[in-house]
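Predicted coordinates and the sequence they were generated for:
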Amino acid sequence: MPLGDTLLRIAEEGFYRPCFSQEILDEVSRNLINKKRKSQATAQSIENAIKNAFPNSLIEVRPELVEQMTNHPKDRHVVALAIEARASIILTYNIRDFQDSALTSWNIKALRPDDF
């Protein structure tokens, strides 16, 4: 939560544009609830606050684009989102699921938040 808060605060200041899909927001909420970090109501409140603060950051991802991705199957929607949003960076601690070979042709890099 502190890292997410920090990243959203610097986005609010205009240093970068966050992009997310409903699938990503659902995954965040699910993880907060399943790991007993937040209640369902609080997780929903956080999601609503993010959507309200960044209304142009919710990107719709075409399923057919997800199917074209070659990175780890469970994270293909993330690369497709980056393509739809014309993003050049995916921030993740899970670098191994975003190999350069799956990203280079799209001009996308996966970075750890500390490197960002």
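Yep, that arrived.

now stretch 9-23, how far from the chain's geometric center?
When distances are taken as C-alpha atoms, centre = their mean, to the nearest Å, stretch 9-23 is centred 9 Å away from the chain's centroid.

Name the residues that touch it?
7-8, 50, 53-54, 56-61, 77, 81-82, 85, 87 (C-beta atoms under 8 Å, 6 or more residues apart in numbering). For glycine as for every other residue, the C-beta is placed from the backbone atoms N, C-alpha and C.

Recalculate using a threshold of 10 Å.
4, 7-8, 27-28, 47, 50-51, 53-54, 56-61, 66, 77-78, 80-82, 84-91, 116 (C-beta atoms under 10 Å, 6 or more residues apart in numbering).

what do you get for stretch 57-72?
Here stretch 57-72 has contacts from 8, 11, 17-25, 50-51, 73, 75-87, 90, 94, 96-99, 101-103, 105-106, 110, using C-beta under 10 Å, 6+ apart.
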